[in-house]
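**Q** Mind looking at a prediction? Sequence and model below.
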Amino acid sequence: MNTVTSPALEWKLPYRGKVGMAGLIIAESAIFSIFVVAYLFYLGKSIGGPTPREVLETPIFFTVCLLSSSLTIHLASKELENGHRKTFLILWSITIALGALFLFGTALEWHRLIFEHGLTISTNLFGTTYYSLVGLHATHVTAGLVMLSVVLLFGLADRVGIDQSARIATLSLYWHFVDAVWIVVFTVVYLIGR
Amino acid sequence: MSSDAMAMPSARTEARPWVEVVHEWVTTVDHKRLGILYIVYALIFLVIGGIEATIIRIQLIRPHNDFVSPQVFNRMFTMHGTTMIFFVAMPVLFGFANYLVPLMIGARDMAFPRLNAFSFWLTALGGLLLYFSFLGGNGLYGAGNAPDVGWWAYAPLTAKAFSPGPSSDYWTIALLVSGFGSIGTAINLIATILCLRCPGMTLNKMPLLAWLNLVMSGMVLIAITPLSAAQIMLLVDRYLGGHFFDTQAGGSAAIWMHFFWIFGHPEVYILIIPCFAFMSEIIPVFSRKPIFGYPVMVGATVCIAFVSLSVWAHHMFTIGMNSYANSFFTITTMVVGIPTGIKIFNWIGTMWGGSIQFKTPMLFSVGFLFQFLIAGLTGIMMASAPFDWQLSLSYFVVAHFHYVIVGGILFALFAAFYYWYPKMTGRMLNEPLGKLHFWLFFLGFHMTFDVMHFAGILGMPRRIYTYEPRPGWETLNLIVTIGAFIQGVAILVFVANLVYSYFKGPKAGNDPWDAWTLEWSVSSPPPAYNFASIPAVASRRPLWDLKHPEDPDSRYE
């Protein structure tokens, strides 16, 4: 349909994947905000112990792991855009390894809290808010790892090429988001919360 | 526009086995079919929710009535509220958005068709889960079946001790699941509107319906999610022994109210903004004038969306907040009235000097304007904290929000049904039946909800099972109930009209209203691919430009 013939338009709209992912990130941010608010609101309101100051240890090493995975995934998607599939796969695998290492760190911490300090989700308000907030984040890391691993499998089967770079860039947005959320959670739980 | 695109035969074919037809509808990813599924699904729940409302009203028709037990009464008002908001209003508005947005912006489908189908089926599952509670909720002796905690489900009523058995978990999970569906649809609408507009359709030339649905979707992303988060917390409390809302372990019941209303108040605007969108499309067409103040309309909508995120605690004046919070939420709530007033003036400005045609869609639109204005005014009354202390928890509040939801949202929806039904089915709705529907519903609506205000001012509390024969209350409640029945009859007329016109209505043709937006350029119902060739537009009213090449809008915009 040409209603009124207009001069040849430069018609370029944003990529729908990126916009969709941005929408998801906004929605997820709102969910995390509510959990963060609950954590901050209930700080120091637990009736019984243990308290954050007594039991929490700052997980610096695992935080560095997760944050550096943002760098590796960024480099990976850039490599793919330039058509370097080998380096892409290597960097992508490193990203997955770093993410998995972070999850392992969370597991270690939870194991210590549960078995050494007897802190579970039903012990006190600190337990409830701590496990919910950190657990929500860990769930997102897990979901991210599943998606990254699917890409890795396709990559090993030689199905991920330069044509997919926009999709890979979209997925890496999600991973950056998961990392950014960790900065907030880390600040709230380990810096402010103690 | 090529005329061959207009003459495209509709996709109807010869009779096929019904299994095949059902299979096609269940597996469809076509935005038009999903839109219709959303709408039909919502209409079914509208009838169910309406029956629940009728049961509530029969119970309250006279003092000391015992039509149902108090337990059933609680379940009825819980299910009525939950159903009407989450399984009628949301899906029907998403249905219209799904159907119309791609057609109006000149796209062939939504940005993510499969996500679209997934979101619909999540919503459908949510509704089924909620109603399955009647069967599945009966797990514990004495625990009751359907949820009976109110649609707001205040803590600590939802704690295991007070709501044993799984009935309120059905409520939680139904809302969680359908909430994820809503988020999916919102993401989809945003991506569609931002990424799939046809050439020439800059944001400034987009139909207002698309603009307002974009704003609504943005609100869904940040307002529905707090509810999802709170539901997750509630599940943690109920199943993992958490203490979020457990006052005995230091938790707070008030924080549930905050989380719920951070969702709950923007939700009202999520529902009303698409209705503003219908008005902004329908009123100009039946006034034969372009919309008055297009940029201001967009600005006012964004403004409403923004301010409405900071008004939630006006639902909580009576819980005893400090005076700073009370003042803040009073002021923000009153401020929302400004952009809303601007919109009402713009619609009146559109009608002013136009040659108005009072077809059924326009009747409902004018009804909307009138009633929404009154709803807004009682809203401003309630916004004032001292006034709210007097009348909160009375029938005045019930009257106020039903004025918004029935007098505003439902009237706008009926206008939309009469306006777009020809596009969706290819046949016009019957005009005399439509007028009968309007006048009956108008009468019933005012009998019910005008009178509720007075009952509230006379002190009748809301959520009560029965009442004493006090002076005034009896007559008022009788009138309210009679009004509810008249509305029920009007709905039956409407449903009869929908069914009758589907088979016997006059053929609509492509453009029965002589309208201006792109959906009227294709056949009714549109072909699966919408547009044979993607259109290009140069103004906000592409079909006006087409019909009046000597004086196109694009010359002035």
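**A** Thanks, I have the structure now. Remember, it's a predicted structure, so these values are computed and weren't measured experimentally.
**Q** Leaving aside the residues adjacent along the chain, what's closest to residue 68?
**A** Assuming you mean chain A. Nearest non-adjacent residue to A:Ser68, counting by Cβ to Cβ, 6 or more residues apart in numbering or on different chains: A:Leu98, 6.1 Å away. To be clear about C-beta, it is placed using only N, CA and C from the backbone, and glycine gets the same treatment.
**Q** Actually, chain B is the one I wanted.
**A** Closest residue in space to B:Val68, ignoring its immediate chain neighbours: B:Gln59 at 5.5 Å, by Cβ to Cβ, 6+ apart.
**Q** ok, the one you found - contacts?
**A** B:Gln59 is in contact with B:Asn65, B:Phe67, B:Val68, B:Phe73, B:Met76, B:Tyr465, B:Thr466, counting by Cβ atoms under 8 Å, 6 or more residues apart in numbering or on different chains.
**Q** Helix or strand for the fifth one, just tell me which one.
**A** Using DSSP states H and E, the element containing B:Met76 is helix B:70-82.
**Q** Any chance you could list what contacts that helix?
**A** Residues from elsewhere that reach helix B:70-82 (Cβ under 8 Å, 6+ apart): B:49, B:52-53, B:55-56, B:59, B:68, B:130, B:144-152, B:171, B:174-175, B:463, B:465.
**Q** Next: stretch A:110-125.
**A** By Cβ under 8 Å, 6+ apart, the list of residues contacting stretch A:110-125 reads A:42, A:45-50, A:54-55, A:126-128, A:130-132, B:236, B:240-243, B:249-251.
**Q** Out of the residues you listed, which end up buried?
**A** Taking 16 or more other Cβ atoms under 10 Å in any protein chain shown as the criterion, what is buried in these is A:42, A:46, A:50, A:55, A:126-128, A:130-132, B:236, B:241-243, B:249-251.
**Q** for the lowest-mean-pLDDT helix or strand in chain A, packing partners?
**A** The helix or strand of chain A with the poorest confidence is helix A:52-55; it has a mean of 93 (mean pLDDT, DSSP states H and E). Contacts defined by 3 or more Cβ pairs under 8 Å, 6 or more residues apart in numbering or on different chains; DSSP states H and E place helix A:52-55 against helix A:85-117.
**Q** Which residue is the nearest non-sequential neighbour of A:Leu66?
**A** In space, A:Leu66 is closest to A:Phe102, 4.2 Å off (Cβ to Cβ, 6+ apart).
**Q** residue contacts, the one you found?
**A** By Cβ under 8 Å, 6+ apart, the contact list for A:Phe102 reads A:Phe62, A:Thr63, A:Cys65, A:Leu66, A:Ser69, A:Val141.
**Q** if you set the cut-off to 10 Å instead, what comes out?
**A** Shown in contact with A:Phe102 (Cβ atoms under 10 Å, 6 or more residues apart in numbering or on different chains): A:59, A:61-67, A:69, A:137-138, A:141, A:145, A:178-179, A:182.
**Q** Find the nearest non-adjacent residue to B:Gly349, please.
**A** Per Cβ to Cβ, 6+ apart, closest to B:Gly349 is B:Phe292, 3.6 Å.
**Q** In three-state terms, label the one you found for me.
**A** Here B:Phe292 is recorded as coil under DSSP: H, G, I helix; E, B strand; the rest coil.
**Q** hang on, isn't it packed against B:Met351?
**A** Yes - with contact defined as Cβ atoms under 10 Å, B:Phe292 counts as touching B:Met351 (8.6 Å).
**Q** shared neighbours of those two, anything?
**A** Common neighbours of B:Phe292 and B:Met351 (criterion: Cβ under 10 Å, 6+ apart): B:Ile283, B:Pro284.
**Q** low-confidence ranges in chain A?
**A** Counting by pLDDT under 70, the ranges of chain A that qualify are A:1-9.
**Q** try it again with 50
**A** With pLDDT under 50 as the threshold, chain A has low-confidence stretches at A:1-7.
**Q** Which residue ranges of it form helices?
**A** A:16-41, A:52-55, A:60-81, A:85-117, A:125-156, A:165-186 (DSSP state H).
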